[in-house]
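Peer 1: Fold the following and give me the result.
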Amino acid sequence: MSTRDYRRLSYWWDSLPDDLAGPVRPALATSTTADVAIVGAGYTGLWTAYYLAKSDPALRIVVLEAETAGFGASGRNGGWASALFPTSMSKVAESSSREGAVSLLEAMFDTVDEVGRVTAAEGIDCHFRKGGTIALIRTPVQMERARAEIEDHRSWGFGPEHFALLSADEARARLDATDVLGATYSPHCAAIHPARLVRGLARAVERLGVTIHEGTRVTSIEPGVVRTERGDVRAPRVVRATEAWTSHLPGHERDIAPVYSLVLATEPLPAELWAQIGLRQGETFNDHRHLIIYGQRTADDRFVFGGRGAPYHLGSRIKPEFDHEPAVFDELWRVLRELFPAVASRAVTHTWGGPLGIPRDWYPSVGLDPATGVGWAGGYVGDGVASSNLAGRTLADLVRGERTERTALPWVNRHSPKWEPEPLRWLGVNLGLRVMGSADDAEERSGKASRRAELLAPFLGGH
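Peer 2: From the prediction side, this is the model:
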């Protein structure tokens with residue numbers, strides 16, 4: 001693909017300065033050697049390269065990318081650098097300890113600030129603005145869920161400085177949507193321009209001496225060698241940072257289910273409209289429905305708004321045409337207009353999507369097998385902007401054989417179960433998406449919590 005083609009991937013790509021958008025870096029020309037070979041030039045691979053190069057400038061690090069840096073979710077996401085972790089505290093504690101679960105969430109809190117620190121230090125203008133995230137409460141059933149969520153946080157020792165329950169007036173002061181009964185709020189989130197972050201990070205690692213080969217498709221990862229269509233890279237340490245595309249690697253077909261999330265962007269909205277809507281401090285937002293939505297106000301005053309609902313495709317297929325589901329875009333636009341009727345007369349200028357990686361138990365992981373020298377990270381379930389930074393720092397520790405507080409966190413060297421074979425995987429994932437969507441409709445009609453959603457929550461990695 002050309003630089004012009006990549007600009008079609010998302011609003012974020014389309015709004016990149018020319019110097020960040022291109023040119024495409026040279027592909028691997030012939031077989032070579034390295035100290036560390038990293039597969040994937042998204043956030044995970046680039047953060048790993050960054051911290052390795054900073055800690056040991058003598059390391060020969062090669063990053064291999066099938067397309068271009070930021071081609072995947074790193075250049076197409078909703079722009080949240082958040083401390084959200086897709087697995088519940090109780091589930092993390094069950095597989096480790098109470099202390100481990102608390103330490104992991106506290107590490108995520110710190111990671112949001114670390115992203116801001118590094119981007120400032122490296123001159124990466126990714127529009128980082130730490131305004132926290134507000135989750136609106138718009139029905140009595142959502143209020144029950146929100147109160148239970150706050151009580152759960154309190155039971156783990158996290159006070160209102162980390163997770164607060166806002167009154168209707170307090171919520172509207174931040175975000176004046178329709179039918180607001182209240183909200184939950186956490187300060188541990190920053191709005192960013194994700195493509196500026198990933199492209200700036202690629203530049204930063206190159207300044208540190210890391211080599212990035214784009215247009216170099218990896219065909220297999222084996223102990224000590226990465227095989228590509230253009231030659232092999234031999235290295236004693238190999239890192240797999242392929243997220244949704246993991247399912248396309250031999251031996252990993254059932255590790256990750258690539259599930260699509262779709263996003264739209266409006267035209268820039270006038271100042272008087274934003275004065276009414278809010279989001280003055282760079283807050284990101286969602287609400288307490290089952291089927292996930294997410295949004296932010298961009299630096300140029302657009303709404304970027306996305307959500308789940310697109311189908312999972314049989315055999316974990318990933319194709320460009322799956323990035324666009326007109327029915328899902330129509331529903332996202334309907335929901336945004338329902339939340340903010342004043343945007344109804346405004347234009348939608350961009351629609352896009354892409355796959356994110358979901359492990360069978362909705363539990364991300366990072367690790368390295370010392371026997372094979374192969375490391376990995378991923379399965380972020382759409383919450384990878386900050387998680388990938390923590391994963392990159394952790395992989396840098398593991399590759400260098402260091403024991404740190406990060407390497408002791410409970411997601412390290414943890415393996416999720418395999419997904420079911422097809423067509424059971426296709427049936428299960430799409431059933432889950434359909435049930436969560438219909439649960440919101442059922443709750444709105446009945447005013448009661450959806451029993452179906454509660455029953456399905458364990459399958460989807462919830463409590």
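Peer 1: In the helix or strand hosting Gly428, which residues are buried?
Peer 2: Here Gly428, judged by DSSP states H and E, is contained in helix 424-446. Applying a neighbour-count criterion of 16 or more other CB atoms under 10 Å, one finds 425-426, 428-429, 432-433, 435-437, 439-440, 442-443 buried in helix 424-446. Placement of C-beta: from N, CA and C, glycine included.
Peer 1: Kindly report the same for stretch 232-246.
Peer 2: For stretch 232-246, a neighbour-count test (16+ other CB under 10 Å) marks 232-233, 235, 237-246 as buried.
Peer 1: ok now that stretch, how far from the chain's centre?
Peer 2: Here stretch 232-246 is found 19 Å from its chain centre; the criterion is CA atoms, centre = their mean, to the nearest Å.
Peer 1: Next: stretch 322-335.
Peer 2: A distance of 19 Å separates the C-alpha centroid of stretch 322-335 from that of its chain, computed with CA atoms, centre = their mean.
Peer 1: How about stretch 156-175?
Peer 2: Shown here is stretch 156-175, whose average C-alpha point lies 23 Å from the average C-alpha point of the whole chain (CA atoms, centre = their mean).
Peer 1: now stretch 74-87
Peer 2: Going by CA atoms, centre = their mean, the spacing between the C-alpha centre of stretch 74-87 and its chain's C-alpha centre is 3 Å.
Peer 1: hang on, the earlier thing: got the CA coordinates for the helix holding Gly428 in CSV?
Peer 2: These are the backbone C-alpha positions of helix 424-446, laid out as CSV (Å, rounded to 0.1, in the frame of the first residue of the first chain):
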residue,chain,number,x,y,z
LEU,A,424,-18.1,-23.2,17.6
ARG,A,425,-15.9,-20.1,17.9
TRP,A,426,-18.0,-18.3,15.3
LEU,A,427,-21.3,-19.2,17.0
GLY,A,428,-20.1,-18.3,20.5
VAL,A,429,-18.5,-15.0,19.8
ASN,A,430,-21.4,-13.8,17.6
LEU,A,431,-24.0,-15.1,20.1
GLY,A,432,-22.2,-13.0,22.8
LEU,A,433,-22.3,-9.9,20.7
ARG,A,434,-26.0,-10.3,19.9
VAL,A,435,-27.0,-11.1,23.5
MET,A,436,-25.2,-8.0,24.8
GLY,A,437,-26.9,-5.8,22.2
SER,A,438,-30.3,-7.2,22.8
ALA,A,439,-29.8,-7.0,26.6
ASP,A,440,-29.6,-3.2,26.4
ASP,A,441,-32.9,-3.1,24.5
ALA,A,442,-34.5,-5.5,27.0
GLU,A,443,-33.4,-3.5,30.0
GLU,A,444,-34.8,-0.3,28.4
ARG,A,445,-38.2,-1.9,27.9
SER,A,446,-38.5,-3.8,31.2
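Peer 1: Sticking with Val238, tell me its helix or strand.
Peer 2: Assigned by DSSP H and E, Val238 belongs to strand 237-240.
Peer 1: That strand: partners in the sheet, and parallel or antiparallel?
Peer 2: Paired strands of strand 237-240, with direction, are strand 36-39 (parallel), strand 374-378 (parallel) (DSSP bridges).
Peer 1: what sits up against it?
Peer 2: Applying CB atoms under 8 Å, 6 or more residues apart in numbering, the external contacts of strand 237-240 come out as 35-40, 45, 48, 221, 223-226, 246, 249, 252, 368, 373-378, 395, 399.
Peer 1: The same query, at a cut-off of 6 Å, please.
Peer 2: By CB atoms under 6 Å, 6 or more residues apart in numbering, the residues outside strand 237-240 that reach it are 36-39, 48, 221, 226, 373-376, 395, 399.
Peer 1: show me where the stretch 151-300 of the chain has strands.
Peer 2: 164-166, 182-186, 189-191, 211-213, 218-222, 225-228, 231-234, 237-240, 257-266, 284-287, 293-297 (DSSP state E, counting those that start in this stretch).
Peer 1: could those be laid out in a markdown table, adding distance to Ser55?
Peer 2: Formatted as a markdown table, the entries for the strands of the stretch 151-300 of the chain read as follows, by distance: least, CB to CB, whole Å:
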| stretch | distance to Ser55 |
| --- | --- |
| strand 164-166 | 37 |
| strand 182-186 | 31 |
| strand 189-191 | 25 |
| strand 211-213 | 17 |
| strand 218-222 | 23 |
| strand 225-228 | 22 |
| strand 231-234 | 21 |
| strand 237-240 | 13 |
| strand 257-266 | 32 |
| strand 284-287 | 31 |
| strand 293-297 | 33 |
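Peer 1: Quick check: which of those is buried the most?
Peer 2: Of those, the one with the most neighbours on average (mean count of other CB atoms under 10 Å) is strand 189-191, at a mean of 28.
Peer 1: Any idea how far it is from the middle of the chain?
Peer 2: 12 Å.
Peer 1: on that earlier part again, which of the strands paired with strand 237-240 sits most buried?
Peer 2: Of all those, strand 36-39 carries the top mean neighbour count, a mean of 29, counting by mean count of other CB under 10 Å.
Peer 1: What average pLDDT does that strand get?
Peer 2: The predicted model assigns strand 36-39 a mean pLDDT of 98.
Peer 1: and it, how far from the chain's centre?
Peer 2: Worked out by CA atoms, centre = their mean, strand 36-39 lies 21 Å from the chain centre.
Peer 1: Let me see the mean pLDDT of the following helix or strand past that strand.
Peer 2: Following the chain from strand 36-39 toward its C-terminal end, the next helix or strand by DSSP H and E is helix 43-55. When pLDDT is averaged along helix 43-55, the result is 98.
Peer 1: List the contacts of helix 43-55.
Peer 2: Contacts for helix 43-55 (CB under 6 Å, 6+ apart): 38, 59, 61, 63, 74, 201-202, 205, 208, 210, 239, 241, 377, 388-389, 391-393, 395-396.
Peer 1: one more time with 8 Å
Peer 2: Residues from elsewhere that reach helix 43-55, judged by CB under 8 Å, 6+ apart: 36, 38-39, 59, 61, 63, 65, 69, 74, 118, 197-198, 201-202, 204-205, 208-210, 239, 241, 243, 377-378, 384-385, 388-389, 391-393, 395-396, 399-400.
Peer 1: Spit out the contact partners of Thr178.
Peer 2: Counting by CB under 8 Å, 6+ apart, Thr178 touches 138, 338-341.
Peer 1: again, 10 Å this time
Peer 2: For Thr178, the residues meeting the contact criterion (CB atoms under 10 Å, 6 or more residues apart in numbering) are 136, 138, 337-341.
Peer 1: go on, Ala73?
Peer 2: Listed by CB under 10 Å, 6+ apart, the contact set of Ala73 reads 42-44, 194, 198, 243-245, 258, 261, 354-357, 378, 380, 382, 384-385, 388.
Peer 1: returning to that earlier point: relative orientation of the helix holding Gly428 and strand 257-266 in degrees?
Peer 2: Compare the direction of helix 424-446 with that of strand 257-266 by axes from the mean of the first three to the mean of the last three CA atoms, to 10 degrees and you get 50 degrees.
Peer 1: for the record, mean pLDDT for helix 424-446?
Peer 2: Helix 424-446 shows a mean pLDDT of 79 in the predicted model.
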